[in-house]
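Peer 1: got a predicted structure here, sequence first:
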Amino acid sequence: MSERQVRRSNALREAWFTAANEILATEGYGALKLAPLCRRLGVTTGSFYHSFDNWQDFTDALLEAWLDERTQQTVDIVNQHDDPVTRLMMLAEASSQLLHRAEAAIRVWAGVDERVAAFQRDVDQRRYEVAHAALVEIVGEERAPQYAAWAMSTLVGFEMLAEGQDGERLYWALQQVLAAARAAA
């Protein structure tokens with residue numbers, strides 16, 4: 001495959017993922033099916049099979065992209081900074097910009113599909129670990145799990161309530177967790 005074909009293929013796959021995330025965010029995981037996805041993009045199912053072998057290949061690739069783009073890339077960027085407060089502020093900012101309705105739909109989907117649940121657990125674990133590591137430096141090993149759980153609970157709760165909510169409210173709430181941790185240090 002030529003470099004141009006790879007770029008075209010990757011760009012097309014990204015379009016499928018964007019459309020899927022829009023469906024997840026607006027209609028929920030139950031609406032994520034091939035026909036509505038093709039209609040949203042204005043293409044035929046042949047276009048889908050040009051990019052993916054089958055539906056499971058697509059959903060696995062969608063979830064892998066979510067894990068990489070919405071979690072691992074952020075973790076990698078945040079971990080480049082030595083200061084734990086800076087890392088947590090960056091995490092709070094990144095968290096406030098997530099596709100919350102799509103993430104909530106994935107959480108619901110994870111409740112009925114073990115493959116999706118495995119991705120969800122991995123995402124949650126990676127997010128928890130980066131917050132926990134920074135919090136250990138602020139409040140110590142003994143109390144860091146409590147603050148990390150508080151931050152994760154705030155994020156997950158916001159995702160489940162996010163319809164009509166502004167990401168700035170989540171950012172504010174996560175800043176309160178950090179302020180409490182700093183005050184307890």
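Peer 2: In hand now; what should we look at?

Peer 1: quick one: contacts for the residue nearest the centre of the chain?
Peer 2: The centroid of the chain falls nearest to residue 70 when counting by C-alpha atoms, centre = their mean (4.0 Å). By C-beta atoms under 8 Å, 6 or more residues apart in numbering, the contact set of residue 70 is 98-99, 103, 123. In this view, the C-beta of every residue, glycine as well, is placed from N, C-alpha and C.

Peer 1: can you name the two of the residues you listed that are farthest apart?
Peer 2: 99 and 123 (12.5 Å; C-beta to C-beta).

Peer 1: where does the chain dip in pLDDT?
Peer 2: 1-8, 162 (pLDDT under 70).

Peer 1: would you map the helices across it?
Peer 2: With DSSP state H, the ranges of helices along the chain come out as 3-27, 34-41, 45-51, 55-67, 73-78, 84-96, 100-110, 114-139, 144-161, 167-184.

Peer 1: look up how far residue 69 lies from residue 117.
Peer 2: Distance from residue 117 to residue 69, counting by C-beta to C-beta, to the nearest Å: 20 Å.

Peer 1: try residue 176
Peer 2: 27 Å.

Peer 1: one more: residue 160?
Peer 2: Residue 160 is 21 Å from residue 69, by C-beta to C-beta.

Peer 1: same thing with residue 108?
Peer 2: The value you get for residue 108 to residue 69, if C-beta to C-beta is used, is 20 Å.

Peer 1: could you do residue 182 as well?
Peer 2: When residue 182 is compared with residue 69 (using C-beta to C-beta), they lie 30 Å apart.
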